[in-house]
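S.K.: predicted model follows, preceded by the sequence.
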Amino acid sequence: MCLAVPAKILTIDNLQAEVEFGGIHRTISIQLLPQAQVGDYVLVHTGFAISIIDPAEAEITIELLRQMGDLDPIPQAEMQPLRPPSLRSD
Amino acid sequence: MHLIDTFRDPDLARRLIAEIHNLAHRPLAFMEFCGGHTHAIMQHGIRQLMPENVRLLSGPGCPVCVTSQRDIDYAIALSQLPDVVIATFGDMVRVPGTSFTLQEAAAAGSHVRILYSPLDAVRYAQEHPEKQVIFLGVGFETTAPGVAASILQARALALSNYTIFSMHKYTPPGMHAILNAGEVRLHGIIGPGHVSAIIGLDGWQFLPEQYAMPVVVAGFEPVDILLALRNLVELAISGQARALNAYNRSVVPQGNPAALKIMNQVFETTDADWRGFGFIPQSGMGIRPEFQEYDAAVRFALPDVPSREPPGCRCGDVLRGVIEPPACPLYGKACTPQRPKGPCMVSDEGACSAYYLYQTPVE
C-alpha cells in the first residue's frame, strides 16, 4: 500500500501534472505537493505526488558510501551460507 | 534512472554488508516496520546476507494485514447493499472475510471496482450518479492524505454519492504497541520510508526519546536498506539511541506539511482495532464530523456481523514479530498466495506472501 514510484514531471496545469514513469505517461495530482516544479523527480503514490526526490541528496549519500573506507569486497568465506526457512523461524 | 540504479549497485551493497559483518560483534535484532521493506529484504536475499547474530523481524506495516476481521466483514457487507459500488485498491478483494472474500461477493452479484487512485473513485461516482460509491480507505499516513483529498474533491463537485469507509491507521501507535508489549527484544527499527515522506523523521523521535530505541528511516532499494542496517548496527553497538535518516533524497525532518494539513483537515484520531493487537488507543483515522456526509459508517448502518479470524491463521503473531511465517501451521500448505487463508498471505506487503514468493524452501 505504501508503494511509491519515482516519476519526472513534464508539465503542470493547475494542480495536475503529466509525469513520466520510465516511458509511460500519466496524469497525477500535485495537490499534496504544490511546490513541485516541471523537471522535478517526485515519488508518486495512488495518483498523488507525495515527495520531491532530491538528486543532490542522492549524490551525497552515494558519495559518502563510496568513501566508506577502501574495503575489499567481502570474502566468500565470511558470508553466511543460505539456510532453509525452517532454521530461521525461531 | 540513475536515482534508482545507483541504489542497486552491487559494489556498494558488498561494502555495506562487509561493514555490517565487521561491526556486529554481538547478537542484535532489528524490526522492519514496513511490509514494503519486508518484500525488498526477501527479494534481495538481505536476511541471508546478515551475520549469524543479526536477526531481522517483520513488523505490522501492512495496512491490509492489520485491518481487523470485523472491518473486512463490514466492507464485504457494505458491498451487498443495493446500488452500492465498492471502490478499492486490489489487495482488499482477496482477503478472506469470516464467510467469503469481496471477490466472491462480486461473483455473487456485488459490484466491486479495483482502482489505482481514490481520485478515480471520485470520477466514477461523478459518472454514475445512480450508484453509491464507497471507497475502502485502507492505508497509513502515506495513503490517507490522498483519500482525504478525494473527499475535498467530492465536496467541491457537490457529489452526494461518494463516501469513504475509513480503516486508515497511524503508524507510530502501532510501534508503541509493539514496544509496550515487550514480546520481542529489539535493538533498533528500520523506519518506513514512504510513511516518513509524510510524517518526517520527526515522527519517529519518540523512539529514541521514550524507548531509547534507535531508528533509521530507509528507502526501498537494496543499498538503502543495507545503509540503514549498517547505521542501526553502529548505533546499537555504540549504545546511541538516535533517529537517523538514510533516505535523505525523499524524506525531510518535518515531512510533507501540505499532505499532513489535508489529512488532518479531514481525519481525526480515534481508537482502532488492529489484527494481532486489538484496540490501540488513538491509532485510527476517523472522518471528522464536518465531513460526515462522506463517511460510509455514518451514511450506511453497519450490520452486526459475527466475525471470526481464520482458524489456525497466525497472521496476528506475524504482525507483532512474534513468529516468522514458516512457524504458522498453515503456511505454504493450507495457505498460499493462490489460496490465502489470511491477509498476510494476500497482500503485496504481507510477510507471509514475501516469504512464500522469495524464500523457496531448500529440499
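M.R.: Received, thanks.
S.K.: CA only for contacts and neighbour counts going forward, please
M.R.: Will do.
S.K.: where does residue 31 land in three-state SS?
M.R.: Picking chain A for this. coil (DSSP: H, G, I helix; E, B strand; the rest coil).
S.K.: other chain: chain B
M.R.: strand.
S.K.: again with B:Leu232
M.R.: Three-state assignment for B:Leu232 (three-state DSSP): helix.
S.K.: hang on, it packs against B:Ala218?
M.R.: No. B:Leu232 is beyond contact range of B:Ala218, at 10.8 Å (criterion: CA atoms under 8 Å).
S.K.: show me whatever sits in contact with both of the two.
M.R.: Common neighbours of B:Leu232 and B:Ala218, using CA atoms under 8 Å, 6 or more residues apart in numbering or on different chains, are B:Ile190.
S.K.: could you measure from B:Ser196 over to chain A?
M.R.: From B:Ser196 across to chain A, the span is 10 Å (CA to the nearest CA, to the nearest Å).
S.K.: show me the shaky parts of the chain.
M.R.: I'll assume chain A. Low-confidence segments of chain A, defined by pLDDT under 70: A:1, A:69-90.
S.K.: that's the wrong chain, I wanted chain B
M.R.: Residues of chain B meeting the criterion pLDDT under 70: B:1-2, B:360-363.
S.K.: try it again with 90
M.R.: B:1-6, B:301-306, B:348, B:359-363 (pLDDT under 90).
S.K.: and the residue of chain B most remote from its centre, helix, strand or coil?
M.R.: Going by CA atoms, centre = their mean, the residue of chain B most distant from its centre is B:Glu130, 33.3 Å out. Using three-state DSSP, the secondary structure recorded for B:Glu130 is coil.
S.K.: if I look at the residue nearest to it when sequence neighbours are not counted, how far off is B:Ala106?
M.R.: Computed as CA to CA, 6 or more residues apart in numbering or on different chains, the closest residue to B:Glu130 that is not its neighbour in sequence is B:Asp83, at 7.5 Å. In this structure, B:Asp83 and B:Ala106 are 13 Å apart, going by CA to CA, to the nearest Å.
S.K.: give me the more crowded residue out of those two.
M.R.: B:Ala106 (17 against 13; other CA atoms under 10 Å in any protein chain shown).
S.K.: please name the nearest non-neighbouring residue to that one.
M.R.: Nearest residue to B:Ala106, sequence neighbours excluded (CA to CA, 6+ apart): B:Val112, at 6.0 Å.
S.K.: bridging residues for the one you found?
M.R.: Judged by DSSP bridges, the bridge partners of B:Val112 are B:Ile86.
S.K.: could you count how many residues lie near it?
M.R.: Look at B:Val112: counted by other CA under 10 Å, it has 22 neighbours.
S.K.: my read: it touches B:Val85, true?
M.R.: Yes. B:Val112 is within contact range of B:Val85, at 5.7 Å (criterion: CA under 8 Å).
S.K.: any shared contact partners between these two?
M.R.: In contact with both B:Val112 and B:Val85: B:Ser79, using CA under 8 Å, 6+ apart.
S.K.: burial of B:Phe291, as a residue count?
M.R.: 15.
S.K.: swap in the one 4 residues further on?
M.R.: The burial count assigned to B:Asp295 is 21, neighbours taken as other CA under 10 Å.
S.K.: beta partners of it?
M.R.: B:Ile164.
S.K.: so what's it up against?
M.R.: With CA under 8 Å, 6+ apart, B:Asp295 has these contacts: B:Thr163, B:Ile164, B:Phe165, B:Ser166, B:Ile287.
S.K.: where's the second one relative to B:Ser353, distance?
M.R.: As for B:Ile164, its distance to B:Ser353 is 27 Å (criterion: CA to CA).
S.K.: OK, contacts around B:Phe300?
M.R.: B:Leu78.
S.K.: I'd like to know how many residues surround B:Thr101.
M.R.: Neighbour number of B:Thr101 under other CA under 10 Å is 19.
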